[in-house]
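A.B. asks: sequence isn't available, so here's the structure alone:
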């Protein structure tokens, strides 16, 4: 069964990007086209989600070449959920960037490149072929590199070089792992790999290959020993770009890891131990790193790393409850982290700095805005009944069931550290009196009302989505339970792709 | 640099190279060649022209800035993939004409994909090289 609907979210972004290149020198036209493209992508992905939810799984064999020979695109609940989340985050960032991104960046094709990035993300979520996954990763890396360096000065260049060097290394490791896997099995289709890998007798070879994949995806999603590129590069680009990176890019690595470690490799005891050990260290180092930072954006970069630990830990536990919790966590994290960086962008516009020593008094001047940001921060910390709380219950519960007490301790400790860091930041940025500064610049109040609205609306929208994730947790739980069931019993996926 | 030999040679080489690039493009379906290599050869022809006559005359020869080639090629490639979807087939399914055309033979949607790549490569390569040589001249 072939369903072309599957590829339409990718096309929405590709076509938008092409139109944007046609409109290269007309910036206002570009803003409109870009917003329209994001909106279309959201509509299409919601349509895709509802159709996938009804049918269970949709597949498309590109070029009509049957799997395992052609490239298959698969949309199961997991993929479709991520496509929807990407579209929501993309639309929010798209609206925000029409005002926040500088003219110089727009003139060098900011909008076109950001749509290519979105296309790459959608492709990575929808592909059912491991080499094709690599290609989408490359599209994302190249676009993100351009976004980082566009109209950039020395700090952007410095951040971008670290970013690209590490990500190129990750891609090389990933590609090597694919080559070895192809040598072992003779196939690249993930469904077919799932069958062939299970038949290999030398289990050690499979374990080693799976760890190579872990290293490759681990660098991209900033897992413990290989995370250092993230905090040294994510604070350099403008907030709209950092929001895309912080919200979506590392999660793409986690998504790929979840896919390979549930469908292709089923982790044995050794791999599970490695995953759990890395998760504990990621939780710990991420939290420690965030403690002594004075720039909010650096602080949040470390919190991204810390929270990746929750997901890897859940993947390592590999029970139904844990996997459902990880999926829930991912859904919550994409929305909240994107929003976090957008909110930071507004703070930067108001005060012209993100250094907590130079910030203060926001609550007094902007009480409504502060309340809005409080929702984001408390959702991230996981104060019940907000969105970060629910997945943590699942993670605590399954680490107790599995007797991984150190992991449980790390989960709890990381939650407390997050709370402490956010509380510290809150009192410094919002409650403390504004320290005296010689020149007072407030870019935000200088903007016309319409532009202010364009900056606030996406933050409000994403905050509402995260409120829904928290308050309507039972609906999200239904989705993540179904995804977890499908991860553990992969039979339906294989049947759909290989047409059995 | 003004060299009569280079100028004279370029007058003959430019059409020859362009013709050759089209040959490579068309050859690409079953044998080695294709849009990417063809596009490179075509852009070399224009680079040679800019060596002999200077950048401004090449830009005049091209009429449009090379940057504007990029979206045209992308759109062509994109459409060639989308075309079979209107007939209810999967994305990028090869659709072929029923009657062979003279000289070229059977025409399929894959050819238009390759022509798109050809145009994009010319656009990208010339944009990069022209930008570099402009910044050197300044």
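C.D. replies: Okay, I see it. Quick caveat, the model's predicted, so the values are computed rather than measured.
A.B. asks: and residue B:124, how many neighbours?
C.D. replies: Residues near residue B:124, counting by other CB atoms under 10 Å in any protein chain shown, number 17. Where C-beta positions appear, they are placed from N, C-alpha and C, glycine not excepted.
A.B. asks: then residue A:227?
C.D. replies: So residue A:227, with other CB under 10 Å, has 27 neighbours.
A.B. asks: which pLDDT value belongs to the closest residue to it other than its chain neighbours?
C.D. replies: Using CB to CB, 6 or more residues apart in numbering or on different chains and skipping the chain neighbours, the partner closest in space to residue A:227 is residue A:305 (4.8 Å). On pLDDT, residue A:305 comes in at 91.
A.B. asks: residue contacts, residue A:305?
C.D. replies: Residues in contact with residue A:305 (CB atoms under 8 Å, 6 or more residues apart in numbering or on different chains) are A:222, A:227, A:230-231, A:282, A:285-286, A:289.
A.B. asks: of the residues you listed, which belong to strands?
C.D. replies: Nothing among the contacts of residue A:305 maps onto strands, per DSSP state E.
A.B. asks: one step back: what about the residue nearest to residue A:227, which helix or strand?
C.D. replies: For residue A:305, the host element (DSSP states H and E) is helix A:296-317.
A.B. asks: residue A:156 and chain B: what is the separation?
C.D. replies: 20 Å (CB to the nearest CB, to the nearest Å).
A.B. asks: run a quick neighbour tally on residue A:52.
C.D. replies: Neighbours around residue A:52, by other CB under 10 Å: 24.
A.B. asks: how far does the helix holding residue A:305 sit from the chain's center?
C.D. replies: Distance, stretch centre to chain centre, for helix A:296-317: 11 Å (CA atoms, centre = their mean, to the nearest Å).
A.B. asks: tell me the pLDDT at the residue lying closest to residue B:62 once chain neighbours are set aside?
C.D. replies: Here the nearest residue to residue B:62 in space, its sequence neighbours aside, is residue B:46; by CB to CB, 6+ apart that works out to 6.9 Å. Note on residue B:46: pLDDT of 93.
A.B. asks: tally of neighbours for residue B:46?
C.D. replies: 22.
A.B. asks: need the contact list for it.
C.D. replies: Counted by CB under 8 Å, 6+ apart, residue B:46 has contacts B:14, B:58, B:61-62, B:122, B:126.
A.B. asks: for residue 57, give me phi and psi.
C.D. replies: Assuming you mean chain A. phi -160, psi 140 (degrees, to the nearest 10).
A.B. asks: from memory residue A:267 sits against residue A:318, does it?
C.D. replies: Yes - here residue A:267 reaches residue A:318: they are 5.8 Å apart, a contact under CB atoms under 8 Å.
A.B. asks: chain B: helices as residue ranges?
C.D. replies: Secondary structure of chain B by DSSP state H: the helices cover B:4-27, B:35-53, B:55-62, B:69-86, B:109-137.
A.B. asks: which of the contacts of residue B:46 are buried?
C.D. replies: Those of those that meet the buried threshold are B:14, B:58, B:62, B:122, B:126, by 16 or more other CB atoms under 10 Å in any protein chain shown.
A.B. asks: contacts only, for the closest residue to residue A:212 other than its chain neighbours.
C.D. replies: Nearest non-adjacent residue to residue A:212, counting by CB to CB, 6+ apart: residue A:177, 3.7 Å away. Residue A:177 sits next to A:209, A:212-213, A:216 when contact means CB under 8 Å, 6+ apart.
A.B. asks: from the residues you listed, which is closest to residue B:67?
C.D. replies: Nearest to residue B:67 out of the contacts of residue A:177 is residue A:216 (CB to CB; 34.8 Å).
A.B. asks: which element is the closest residue to the closest one other than its chain neighbours on?
C.D. replies: Ranked by CB to CB, 6+ apart and with sequence neighbours excluded, the top spatial neighbour of residue A:216 is residue A:174, at 3.4 Å. According to DSSP H and E, residue A:174 maps onto helix A:154-185.
A.B. asks: may I see the buried residues of the helix or strand following that helix?
C.D. replies: Where DSSP H and E defines the elements, the next helix or strand beyond helix A:154-185 is helix A:190-199. By 16+ other CB under 10 Å, the buried positions in helix A:190-199 come out as A:190-197.
A.B. asks: what's the answer for stretch A:453-465, then?
C.D. replies: Going by neighbour count (16+ other CB under 10 Å), the buried part of stretch A:453-465 is A:454-456, A:458-459, A:461-463, A:465.
A.B. asks: for the residues you listed, give me JSON lines that also has distance to chain B.
C.D. replies: Conversion of those to JSON lines gives the following (distance: CB to the nearest CB, whole Å):
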{"residue": "A:454", "distance to chain B": "27"}
{"residue": "A:455", "distance to chain B": "30"}
{"residue": "A:456", "distance to chain B": "33"}
{"residue": "A:458", "distance to chain B": "28"}
{"residue": "A:459", "distance to chain B": "33"}
{"residue": "A:461", "distance to chain B": "30"}
{"residue": "A:462", "distance to chain B": "31"}
{"residue": "A:463", "distance to chain B": "36"}
{"residue": "A:465", "distance to chain B": "31"}
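A.B. asks: take the residues you listed and keep only those in helices.
C.D. replies: Those of the buried residues of stretch A:453-465 lying in helices (DSSP H): A:454-456, A:458-459, A:461-463, A:465.
A.B. asks: before we move on, the earlier item: select from the contacts of residue A:177 the one having the most neighbours.
C.D. replies: The contacts of residue A:177, ranked by neighbours (other CB under 10 Å): first place residue A:216, 27 neighbours.
A.B. asks: lovely, talk soon.
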